[in-house]
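J.: Sequence plus predicted model, see below.
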Amino acid sequence: MDLHLNGKVALVIAASKGLGKATAWQFAREGARVAISARSELINQAAAEITSQTGQEVLAMRADVTQPADIERVIDTTVEKFGGLDILVTNAGGPPAGTFDDTDITTWEAAVNLTLLSTVRLIKYALPHLRQSTAPAILTITSNSTKQPVKNLVLSNSIRLAVIGLTKTLSQELGKEQIRVNSILPGWTYTERVEELINARIAKSGETKEAEITSINTAIPLGRMGKPEEFANVAVFLCSPAASFVNGVMLQVDGGLNAGTF
Ligand code: NAP
């Protein structure tokens with residue numbers, strides 16, 4: 001199937017590794033012009049790897065999504081470089097692990113800024129450019145924690161629901177302009193974030209890493225965690241013109257972990 005992404009401009013935030021990097025890679029494979037951002041120098045390495053594997057030029061920017069000026073610069077630089085913007089994928093590192101008792105108010109405020117306000121700001125700055133596109137799409141990366149709270153993740157379990165509310169609202173408000181807004185709710189997908197979460201669990205449970213991984217795998221109907229490229233395939237399809245009638249979908253990519261009817 002042709003996803004009709006050739007020449008489209010896709011900006012993927014927080015893409016130096018993990019789900020963001022895999023998604024940027026897949027966009028480039030499909031012929032999109034890709035811009036990526038993250039805080040560390042690793043972002044340049046990610047861009048070089050994607051270019052060497054796909055032949056596509058990738059714009060890499062160092063930027064922190066907790067800083068409004070960085071967000072504005074990322075959007076402006078992408079538009080200056082490629083002459084427009086068709087697709088925005090919002091993403092950030094996950095908020096810190098912990099229970100309600102572990103988490104002080106300052107940490108809550110920082111997590112709201114990282115997870116919710118970064119998404120709001122990215123979409124605010126990107127919208128005027130998306131409005132000029134012939135095939136605009138926004139994808140928010142959230143979490144399966146919005147369906148079923150995940151142990152030791154009070155911040156993700158709580159704040160990501162606001163991102164879901166935002167995504168659904170925008171899918172309704174922007175639909176008449178043919179701007180599609182969807183979210184993917186990833187389940188356990190093996191990335192550095194998952195390594196961090198497993199280490200945080202081990203610190204509390206005293207279990208071995210193998211025992212923690214087995215307990216996670218056992219709960220997933222497919223019996224394993226996902227791979228970043230399995231996430232990316234779905235993300236790139238949802239953002240592509242091939243999914244032109246898919247809007248307001250909160251899509252679980254979790255191996256069947258959350259089996260609720262809603
Ligand atoms: P990851 O492997 O830890 O990668 C996180 C990416 O975010 C990196 O590129 C990191 O680069 C960037 N980043 C972190 N903080 C940032 C900031 N303040 N500004 C800009 N970039 C920032 O995580 P992942 O597994 O790909 O997960 C991506 C998102 O999906 C996270 O929010 C995660 O919680 C969520 N999620 C993941 C899973 C999973 O199983 N993997 C499941 C559910 C939800 P720098 O450090 O260089 O900035």
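T.: Noted; the coordinates are in hand.

J.: Validate this expectation: L3 resides in a helix.
T.: No - per DSSP: H, G, I helix; E, B strand; the rest coil, L3 lies outside any helix segment and is coil.

J.: And A203, how far from the ligand?
T.: The gap separating A203 from the ligand is 17 Å, by Cβ to the nearest ligand atom, to the nearest Å. The way it works is simple: take the backbone N, C-alpha and C, and place the C-beta from them, glycine included.

J.: Can you show me the helices along this protein?
T.: 18-29, 42-54, 68-82, 105-111, 118-130, 154-173, 192-205, 209-219, 228-239 (DSSP state H).

J.: could you give the angle of the fifth one to helix 154-173?
T.: Between the axes of helix 118-130 and helix 154-173, defined by axes from the mean of the first three to the mean of the last three Cα atoms, to 10 degrees, the angle is 30 degrees.

J.: Quick check: bridge partners of L139?
T.: Counting by DSSP bridges, L139 is bridged to V89, N182.

J.: Tell me which of the helices of the chain lies nearest to T90.
T.: Closest approach to T90 among the helices of the chain (Cβ to Cβ): helix 118-130, 4.7 Å.

J.: hmm, back to that, dump the helices of the chain into JSON lines; add mean pLDDT and mean neighbour count as well.
T.: Below are the helices of the chain laid out as JSON lines (pLDDT from 0 to 100; neighbours: other Cβ atoms under 10 Å):
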{"stretch": "helix 18-29", "mean pLDDT": "98", "mean neighbour count": "26"}
{"stretch": "helix 42-54", "mean pLDDT": "98", "mean neighbour count": "17"}
{"stretch": "helix 68-82", "mean pLDDT": "98", "mean neighbour count": "17"}
{"stretch": "helix 105-111", "mean pLDDT": "98", "mean neighbour count": "13"}
{"stretch": "helix 118-130", "mean pLDDT": "98", "mean neighbour count": "20"}
{"stretch": "helix 154-173", "mean pLDDT": "98", "mean neighbour count": "19"}
{"stretch": "helix 192-205", "mean pLDDT": "91", "mean neighbour count": "15"}
{"stretch": "helix 209-219", "mean pLDDT": "95", "mean neighbour count": "13"}
{"stretch": "helix 228-239", "mean pLDDT": "98", "mean neighbour count": "22"}
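
J.: of the ones you listed, which approaches R62 most closely?
T.: Per Cβ to Cβ, nearest to R62 of the helices of the chain: helix 42-54, 5.9 Å.

J.: list the helices and strands the closest one packs on?
T.: helix 18-29, strand 33-38, strand 58-62 (3 or more Cβ pairs under 8 Å, 6 or more residues apart in numbering; DSSP states H and E).
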